[in-house]
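**Student:** Sequence and predicted structure below; questions after.
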Amino acid sequence: MRAKSAAILASVSNDYCTKIKTRTRWLKFPVTVYFARDKEYSPSREQEARIGFSRWTEATHGYIAYKVVEAPQGADMTVTFNPESDDGYTTTQFSGGRLKKANIKVGVQRGWAHDIECVAAHEFGHALGLNGHSDRVDDLMFPTHNMGSRWSITQRDLNTLAAIYRPSPRLLPSWIPTPG
């Protein structure tokens, strides 16, 4: 048992924890997500963002979970869409290492579904507590994305998330990178 635990912990060293500014995390899942119904909202944009968010759920076999709610009151995260940019932006509120709120802005200027999914997944990573960027271009949490290119949640992304959340060592082997 000790050898297996040591091997799992050794795999966690392949991460970018030194790039994370502060260690913050949600204390419980699912987090609740509200998609603001402003003039930039559309059901297709929501669906594209949800696909990006769900990649984290898939990669962690349900450890990371979210639930969409129909009202902003009490939502943990609020998502808006920005037609003036392809970039995303996330702000968080936290106290004592505990995330309390997140606001995610997803750029939709070009409107390419695949890229909206990627930007949403990246920003959801920030909202989960990955409040820094990777230094490797293949990681989802690298600061830029080449529009139209493939993307994935990598093992380094998952290892960094695991260092923040510290799930049971039995869960870590089931966390598998997912292509976007």
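**Tutor:** Alright, I've got the coordinates.
**Student:** how far does stretch 131-142 stretch from start to finish?
**Tutor:** Stretch 131-142 has an end-to-end distance of 11 Å (CA to CA, to the nearest Å).
**Student:** Run through who's touching that stretch.
**Tutor:** Here stretch 131-142 makes contact (CB atoms under 8 Å, 6 or more residues apart in numbering) with 16, 19-22, 24, 92, 118, 121-122, 125-126, 130, 143, 151-154, 156-157, 160, 180. To be clear about C-beta, it is placed using only N, CA and C from the backbone, and glycine gets the same treatment.
**Student:** how far is it from where the chain is centred?
**Tutor:** Centroid separation between stretch 131-142 and its chain, computed with CA atoms, centre = their mean, to the nearest Å, is 12 Å.
**Student:** Buried ones in that stretch, by neighbour count?
**Tutor:** Across stretch 131-142, burial judged by 16 or more other CB atoms under 10 Å covers 131, 132, 133, 134, 139, 140, 141, 142.
**Student:** How about the contacts made by the closest residue to residue 123 other than its chain neighbours?
**Tutor:** In this structure, residue 123 finds its nearest non-sequential neighbour in residue 88, 4.0 Å apart by CB to CB, 6 or more residues apart in numbering. Counting by CB under 8 Å, 6+ apart, residue 88 touches 104, 105, 106, 107, 119, 120, 122, 123.
**Student:** who wins for neighbours among these?
**Tutor:** Within these, neighbour counts (other CB atoms under 10 Å) peak at residue 106, which reaches 31 neighbours.
**Student:** May I have the distance across stretch 33-41, first residue to last?
**Tutor:** Distance between the two ends of stretch 33-41: 14 Å, counting by CA to CA.
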